[in-house]
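Q: Sequence plus the predicted model coming up.
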Amino acid sequence: MEEKKEKIKISEVYSEAMNDIKSVFGLDKLQELKVKYLAKKSIIMTLLSGLGALPPEERKEAGQELNQTRNNIAKLIEQKESELRKEELEKKLKKEEIDITLPSRNVDVGGVNPFYVVKDEITDIFLNMGFEVADGPEVETDLFNFELLNIPKDHPARDMQDTFYISENVLLRTHTSPVQAHTMQAAEGKPIRIICPGKTYRRDDDDATHSHQFAQIEGLVIDKNINIGHLKATLELFVKKMFGEKREIRLRPSYFPFTEPSVEVDITCANCNGKGCSMCKGTGYIEILGGGMVHPNVLKMNGYDPDVYSGFAFGIGIERVAILRYGIDDIRKFYQNDVRFLHQYKKKA
Ligand code: DAH
């Protein structure tokens with residue numbers, strides 16, 4: 001009598017569990033069923049722990065039946081769980097589906113900084129004339145930044161090029177001219193025709209026309225029989241390519257310790273075509289770069305015999321060219337990365 005009652009109970013528990021599991025929605029509800037049917041206080045577990053009270057001949061059969069039922073329920077729950085997980089994943093994937101028909105959000109992409117546009121243009125003009133691009137360190141020694149360019153320790157020209165010192169003899173280069181010395185020493189007496197675009201540094205208070213960091217393009221040509229006519233022709237071609245065929249150049253005597261003679265190069269003002277206006281302060285000309293014939297001392301110190309070789313050099317301020325080219329009123333705008341500034345030069349770039 002007792003045994004029968006128990007059997008019915010187990011099969012009832014099983015069919016109830018089956019129904020429950022079949023119709024359950026959601027993983028958290030399934031978790032509740034797991035507790036209901038398999039946890040310590042569930043009916044099956046309670047019956048299992050009460051087996052000891054049965055007579056030994058019934059104990060085995062009842063035990064087997066209970067264990068079987070518990071395993072079956074566990075299996076059903078497991079199957080349901082993987083089913084529900086799959087459903088949940090599918091739902092999630094559907095929700096995250098990308099609608100490729102939606103219009104895209106606009107990404108504000110500024111434009112190429114006019115500084116780089118001009119730097120590349122200048123570089124291209126000289127590459128087309130047969131120059132090669134050379135490179136040199138931004139952290140320089142006093143030797144290369146000054147001494148090998150004929151600027152000894154107490155030379156007054158140093159006052160105009162105060163910079164950031166790393167130690168007594170190591171500094172951030174004040175101009176790209178030290179690349180002249182590096183290139184000459186590496187070329188070991190062979191002809192040279194290079195430009196070097198790069199960053200330069202000076203201890204300046206930043207304002208509309210000064211920046212503690214700016215950029216130059218150095219030029220150097222060394223060979224036999226190079227004269228100032230080569231310098232003038234090269235720079236004239238550069239100016240016409242950069243600023244237009246109508247521009248004329250003018251060489252004015254100047255002074256740099258590493259060139260002799262030295263010149264300052266002016267171009268006719270684009271605003272008034274040389275007549276004189278407020279932009280060129282009434283002179284009709286605007287200064288754009290410095291240059292000259294390489295000083296014999298510089299040739300000698302860097303391994304060239306000045307009786308056999310001669311050369312010319314020049315230094316162009318990249319920002320200065322960009323300012324003239326685009327009519328930019330403040331050098332700091334090149335470095336601020338303001339998209340409103342970049343947008344203005346987008347079309348021209
Ligand atoms: N290094 C000079 C400066 O920064 C510019 C310069 C002038 C470079 C004449 C040259 C040169 O190569 O020949 O002021």
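A: Thanks, I have it.

Q: Could you use CA atoms for every contact and neighbour count after this?
A: Will do.

Q: Where does the residue of the stretch 151-300 of the chain found nearest the ligand fall, secondary structure wise?
A: Each residue of the stretch 151-300 of the chain has a distance to the ligand, by C-alpha to the nearest ligand atom, and the smallest belongs to G291, at 3.3 Å. Using DSSP states H and E, G291 sits in strand 285-294.

Q: Walk me through which strands that strand pairs with, and which way each runs.
A: Listed by DSSP bridges, the sheet partners of strand 285-294 and their directions read strand 259-268 (antiparallel), strand 310-317 (antiparallel).

Q: what about those strands, which gets the closest to Y165?
A: Go through these one by one with C-alpha to C-alpha and the one that ends up closest to Y165 is strand 310-317, at 22.1 Å.

Q: any idea which helix or strand comes after the closest one?
A: Note on strand 310-317: by DSSP H and E, the next helix or strand toward the C-terminus is helix 318-326.

Q: ok, is that next one in contact with the ligand or not?
A: No - between helix 318-326 and the ligand, judged by C-alpha under 6 Å from any ligand atom, nothing touches; the nearest distance is 11.4 Å.

Q: The helix or strand harbouring L231 - what's its average pLDDT?
A: L231 is located in helix 228-243, with elements delineated by DSSP H and E. Confidence for helix 228-243, expressed as mean pLDDT, is 97.

Q: Report the buried residues of whichever helix or strand comes after that helix.
A: Sequence-wise, the next helix or strand downstream of helix 228-243 (DSSP H and E) is strand 249-256. Buried positions in strand 249-256, judged by neighbour count with 16 or more other C-alpha atoms under 10 Å: 249, 251, 255-256.

Q: what's the farthest-apart pair in the residues you listed?
A: For those, the farthest-apart pair by C-alpha to C-alpha is I249 and F256; their separation is 19.5 Å.

Q: coming back round to it: buried residues in the helix holding L231?
A: 228, 231-232, 235-239, 242-243.

Q: What is the nearest of those to E97?
A: Distances from E97 to these, taken as C-alpha to C-alpha, are shortest for M242 (52.1 Å).

Q: so what's the closest residue to the closest one other than its chain neighbours scoring on pLDDT?
A: When the adjacent residues along the chain are set aside, M242 lies closest to I122, with 7.2 Å between them (C-alpha to C-alpha, 6 or more residues apart in numbering). Here the pLDDT value assigned to I122 is 98.

Q: State the distance from I122 to I222.
A: 20 Å (C-alpha to C-alpha, to the nearest Å).

Q: Kindly report the same for Q64.
A: Taking C-alpha to C-alpha as the measure, Q64 and I222 are separated by 102 Å.

Q: Compare neighbour counts for these two and give me the winner.
A: More neighbours surround I222 than the other of Q64 and I222, with 23 against 12 (other C-alpha atoms under 10 Å).
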